[in-house]
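[1] Mind folding the following:
(2 chains)
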Amino acid sequence: MTQVSRRRVFGLAGAGAAVAGLGAAAGVLAGRDPEVRPVGMVSVPFHGEHQAGIVTPAQDRMHFVSFDLTTRKREEVVELLKAWTAAAERMTQGLEATEDGAVGGAPQAPPADTGEALDLSASALTLTIGFGPSLFDDRFGLADQRPAALVDLPRFPGDDLLPARTGGDICVQACANDPQVAVHAIRNLARIGFGKVAVRWSQLGFGRTSSTSTTQTTPRNLFGFKDGTRNIKAEEPDQLAQHVWVTDGPQWMKGGTYLVARRIRMHIEIWDRTPLAEQETIVGRAKGTGAPLGQLDEFDPVDPHVKGSDGEPLILPESHVRLASAENLNGAKILRRGYNFTDGSDGFGHLDAGLFFICFNRDSRTQFIPMQTALSTQDQMMEYLEHTGSGHFAVPPGVRPGGYWGESLFG
Amino acid sequence: MTLPTFRAALTGLACVVTLAACGGEEDKPTGAIAVEAKDDACAVTRTEADAGTITFEVNNKGSQVTEFYLYAEGGRVMGEAENIEPGKSRRLNVEVSAGGKYQTACKPGMKGDGIRADFTVKGGAAKQADGDAALAEATKGYHRYVVSQSDTLLVKTKEFVDAVKAAKVDEAKALFPVARTYWERIEPVAESFGDLDPRIDAREADLEPGAEFTGFHRLEKDLWVSGPQADSAAIADRLMADVTEVVDRSKKIELTPLQLANGAKELLDEVATGKITGEEDIFSHTDLWDFRANVDGSQAAVAALRPIVEKKDPALAKTLDERFKAVDTLLEAQRDGSGFKSYDKLTESEIKAFAEAVDALGEPISKVADVVAAK
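    Have a look, this model is predicted:
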């Protein structure tokens, strides 16, 4: 594990120089002296080679939204993307969606910014946009720009997808260390979009389930296990280049990546009645330390040859840790960035809770899809899971100063 | 309300009901433009006139109740004659001070955009679209709309109330959404009289504890659910009295341009919170009539302000036109005979499409007030 300074981590999220201008103007010191700032509350650069919110150290909260375009005019889509970019540049720097938006406008006009983030810091807000397969139908003349990798996801065994939680033309992932900041961002983007887009579905996540930086501890999912121990980290540029950033396909996707979102309902009440030993066998890790079974430390390698006192392997081939491992998937890895969620209760006395899985990969056909195929057919954990929502989005490269989201596609 | 006021109102009502007959007895002013309205045609004998008072004589030769409108550019209503029954004629005087392009429209069955034709007004002052004159014209134009809607509200409420009192349930059911149309079109004005609105229009679910359930929705429940009650007739009488008082007061109210803009927004809010959810007419499911009427009212208020918006923010004017049209298209697709499809028959995706279109319209409408107020 390489030791890196926080400055280095932020640098990875975007071009530092570009940010210094905006950040300084906004009175924010991101990228200049991050070592002395409380890490969770500073701003993350919006501009850069790649979009922020992918290798940015995973923030604690998330609000994810999927939109359907209601306009049929390409120029209105471009208008919208420009307006969104302008608002996103400001909000990620801890500012109102528009200058003096919340209370500085005319008293007889509705405020241009909704105001609930007025006294809050940037909280490391990142906003990340993606384009769904449906954007490339015949409405906007984009059919020949659809990347081959942006497939319609196959139906996996056990899928119980609700149309109202699935798909969409455009997604925006908002992550922040303050949930109100994330919700404020999505709310204001949705408002700017009325008449051009309509919210198809949205999801709140209350706690991160992945670490995307070696500076972060591994969080736990709602099964109580550390999740994403073997995730790709921001400090591993070779791994990112190999598994995350797109270099082939249509020109407009160079520097982009593909996002898969899955709303995975967990039957937590059933899981909670499962004996500890069985839980650990299903996962392949110790619940307390997160270490692979038969090992001591969380980051010790998974060794399938270690046997228990009964002579049987401690880690079964069908354990979650084995099925999802690169070794089992021809070396395929994904960058995971999911969140725990609960959407109240289901009316039958159970919590409607689970994992809002998000991953980024450079080609879902060779990474996410084989992985999910293996898990959905063999993983014993599936007994406790139900996939209720799904989305696949092409995440375009980062925005240069003066540019806008999706410029490489629409420009 | 005191009995004498009620009588006065009724006298006024009689005049409105027989307006066609009354009008016929007077001498026709020279230069009245005859309009022959049929189910599929709207023959206007002259397509131009000099600025000043223009008189139309509308004769309904069709089989459906019709309306006649004179529109300025952008759909601003200059004058209208509502509720012209088959075989009847109606005279309409319109004050047009500015020369320019206008449109006439007959609306057989009182539906949609109607049968339109160009109409030219010559001479007069050049069109003023700035300053106080434009604002004054806006409020005057909307006041005309409120007055004409109020008159018809009285007529239709009377017909509805009479049917209720005569225990003609089917007839009363047919008249319920028609009478409410005129109420819903001017609702922000009517609502400004805080005491009257709940008596006329409170929904059962919104009543404060101990409050008496009266008005349109109480009669709706009687007609669709409980059947005529011992006090239905008394409730009907009281509705008539309350509506009469609202009409009297509405006609006298002077609205500012800002109130107009906010009224247009409030009508859309009504749609978004009450109609989309199907809560408004929970017993009859005639929500789409109210929906249509709220949008009509909102459009009338915006149209009155349109010359000002057009001048100060042409892009907003264009957006408003497009978004109103989108809502119109969705609404007109739900026509069923002379009325609308029952709201409980709409699919979830149809309701979602309505909600999206109303959101899309609500945002630009919320910007009108500021544009109007800006110097």
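[2] What residues does the residue nearest the centre of chain B make contact with?
    Nearest to the geometric centre of chain B sits B:Arg185, at 4.1 Å (CA atoms, centre = their mean). With CB atoms under 8 Å, 6 or more residues apart in numbering or on different chains as the criterion, the residues that contact B:Arg185 are B:Gln149, B:Ala293, B:Asn294, B:Asp296, B:Gly297, B:Ala300. Every residue, glycine included, has its C-beta placed from N, CA and C.
[3] Which element, helix or strand, includes the residue of the stretch 151-300 of chain B at minimum distance from chain A?
    Using CB to the nearest CB, the closest approach of the stretch 151-300 of chain B to chain A is made by B:Leu258 at 6.2 Å. Secondary structure from DSSP states H and E places B:Leu258 in helix B:257-270.
[4] if I read this right, A:Pro179 contacts A:Arg61, doesn't it?
    Yes. Counting by CB atoms under 8 Å, A:Pro179 does reach A:Arg61; the two are 4.1 Å apart.
[5] returning to that earlier point: pLDDT score assigned to the residue of the stretch 151-300 of chain B closest to chain A?
    B:Leu258 is assigned a predicted lDDT (pLDDT) of 83.
[6] Kindly report the same for the one 4 residues further on.
    Note for B:Asn262: predicted pLDDT of 86.
[7] Now it. Nearest residue, chain neighbours left out?
    Distances taken as CB to CB, 6 or more residues apart in numbering or on different chains put B:Ala369 closest to B:Asn262, at 5.7 Å, once the chain neighbours are dropped.
[8] Would you tell me which residues of the stretch 51-200 of chain A are close to chain B?
    Counting by CB under 8 Å from any CB of the partner chain, the stretch 51-200 of chain A comes close to chain B at A:Thr70, A:Gly105, A:Ala106, A:Gln108, A:Ala109, A:Pro110, A:Arg191, A:Phe194, A:Gly195, A:Lys196, A:Ala198.
[9] So which of the residues you listed sit within helices?
    Using DSSP state H, A:Arg191 are the members of these that sit in helices.
[10] among the residues of the stretch 51-200 of chain A next to chain B, who's most crowded?
    For these, the largest number of neighbours (other CB atoms under 10 Å in any protein chain shown) sits with A:Gly195, at 22 neighbours.
[11] farthest pair in the contacts of B:Arg185?
    B:Gln149 and B:Asn294 (12.4 Å; CB to CB).
[12] wait, what's in contact with B:Gln64?
    B:Gln64 makes contact with B:Asp39, B:Pro86, B:Pro108, B:Gly109, B:Met110, B:Ser338 under the criterion CB under 8 Å, 6+ apart.
[13] Next one, pLDDT for the residue nearest to B:Asn262 please.
    If you check B:Ala369, the pLDDT there is 86.
[14] ok but it is inside a helix, no?
    Yes. The assignment for B:Ala369, made by DSSP: H, G, I helix; E, B strand; the rest coil, places it in a helix.
[15] Okay, now the unreliable bits of the stretch 51-200 of chain B?
    Residues of the stretch 51-200 of chain B meeting the criterion pLDDT under 70: B:125-131.
[16] Out of the contacts of B:Arg185, give me the one that has the most neighbours.
    Neighbour-wise, the contacts of B:Arg185 (other CB under 10 Å) top out at B:Gly297, 29 neighbours.
[17] That one contacts B:Leu267, doesn't it?
    Yes. B:Gly297 is within contact range of B:Leu267, at 4.9 Å (criterion: CB under 8 Å).
[18] so what sits against both of those two?
    What both B:Gly297 and B:Leu267 touch, as defined by CB under 8 Å, 6+ apart, is the set B:Glu187, B:Pro188.
[19] Among the contacts of B:Arg185, which one lies nearest to A:Gly344?
    For the contacts of B:Arg185, the closest approach to A:Gly344 (CB to CB) belongs to B:Asn294, at 32.1 Å.
[20] Next to chain A, which bits of chain B? Give me the list.
    Neighbours of chain A within chain B, by CB under 8 Å from any CB: B:258, B:319, B:323, B:352, B:356, B:359-364, B:366-367, B:369-370, B:373-374.
[21] Follow the chain on from the helix or strand harbouring B:Ala43 and name the next helix or strand.
    Here B:Ala43 sits within strand B:42-44, counting by DSSP H and E. Per DSSP H and E, the first helix or strand lying C-terminal to strand B:42-44 is strand B:48-50.
[22] Show me the contact partners of that next one.
    The contact list for strand B:48-50 (CB under 8 Å, 6+ apart) reads B:Gly31, B:Ile33, B:Val96, B:Phe119, B:Thr120, B:Val121, B:Lys122, B:Gly123, B:Gly124.
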